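[1] sequence first, predicted coordinates after that:
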Amino acid sequence: MDPVASPVEAPADPMQPVEGFLAYDLRVGTVVAARVNAGARVPALVLTLDFGPLGKRTTSGQLTRRYDPETLVGRQVVAVVNFPPKRIAGVRSEVLVLGGLPGEGDVVLLAPDAPVPNGTRIG
């Protein structure tokens, strides 16, 4: 069995019009600060990301299975930047960082394979 494959392959969701996808503003940002979210029931990290002309934004995510705060600083990641802010475990979460979900409680962050300016659009 492929060690990266999910143990249970789920079927693809039903087809959707491309306009739904185009409503999401996906951008590249650089992690400038990361810390453990002490207020989270499930282990989580608080990230501050720099999106260049969009400024800095904060989020909390359950990323502790693969990532330590110090290993994330300086990394570029992909995030949705146009969701309304939401309170997550005491943190004002302003973006949704995207990642692959290979298993329960496991997230592999999506990132460009070469450096790009902060705030670069994903399309």
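    Thanks, I have it. Numbering: from 1, shown residues only.

[2] show the pLDDT at Ser6.
    Here the pLDDT value assigned to Ser6 is 51.

[3] nearest residue to the middle of the protein?
    Centroid check for the chain by Cα atoms, centre = their mean gives Val97 as the closest residue, at 1.5 Å.

[4] list the buried residues of stretch 65-75.
    By 16 or more other Cβ atoms under 10 Å, the buried positions in stretch 65-75 come out as Tyr67, Pro69, Leu72. Heads up, the C-betas are built off the backbone N, CA and C, glycines and all.

[5] okay, now the unreliable bits of this structure?
    1-9 (pLDDT under 70).

[6] tell me the buried residues in stretch 76-95?
    Neighbour-count burial for stretch 76-95 [16+ other Cβ under 10 Å]: Gln76, Val77, Val78, Ala79, Val80, Val81, Ile88, Val91, Ser93, Glu94, Val95.
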